[in-house]
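Chemist: Got a predicted structure plus its sequence, pasted below:
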Amino acid sequence: MPIKRYKPEQIVTMLRQIEVSIANGKTTRQACKEAEITMQTFYRWRKEYGGLKMDQAKRLKDLEKENGKLKRLVAELALDKLGQKRPKDGRQYVRLRLPCQSANSCTR
């Protein structure tokens, strides 16, 4: 069974529908089953998207995507600054060793 990916707008709509079902007397388990999601997914989405409107949810995802790109860019610049170049075969660096901050904190 393929994994279904939901857009932020769909998640907010689904959360509202589940909340209405719960308010009408259904249990959380029944409401989640009708929406075809697990209870764990419902609680995770509610924690992340709980009080957001559709446009806010979309903006949140866009900002998270942009933040990830910026983090990768900063990591690449830090590697370049230390004189390390990325391997030509496309492998990612696993660990970056930085010089010790002070003599006491450096153990070798």
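Modeler: Yep, that arrived.
Chemist: Quick check: Y6 touching V12?
Modeler: No: at 9.7 Å, Y6 and V12 do not qualify as touching, with contact defined as CB atoms under 8 Å. Using the backbone N, CA and C atoms, a C-beta is placed for each residue, glycine as well.
Chemist: which of those two has more neighbours?
Modeler: It is V12, of Y6 and V12, that has more neighbours when counted by other CB atoms under 10 Å, with 22 against 13.
Chemist: residue ranges with poor pLDDT in this structure?
Modeler: For the chain, applying pLDDT under 70 flags the ranges 1, 84-108.
Chemist: quick one, helices of it?
Modeler: Under the criterion DSSP state H, the chain carries helices at the ranges 8-23, 28-35, 39-49, 54-81.
Chemist: Need the ones you listed in CSV (columns: distance to P2).
Modeler: Conversion of the helices of the chain to CSV gives the following (distance: least, CB to CB, whole Å):
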stretch, distance to P2
helix 8-23, 16
helix 28-35, 18
helix 39-49, 15
helix 54-81, 21
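Chemist: what's the distance between the closest residue to E34 other than its chain neighbours and R5?
Modeler: Of all residues not flanking E34 in the chain, S21 sits nearest, at 6.8 Å (CB to CB, 6 or more residues apart in numbering). Note on S21: its distance to R5, by CB to CB, to the nearest Å, is 23 Å.
Chemist: Comparing these two, which shows the higher neighbour count?
Modeler: Shown here are S21 and R5; by other CB under 10 Å, S21 has more neighbours (17 against 6).
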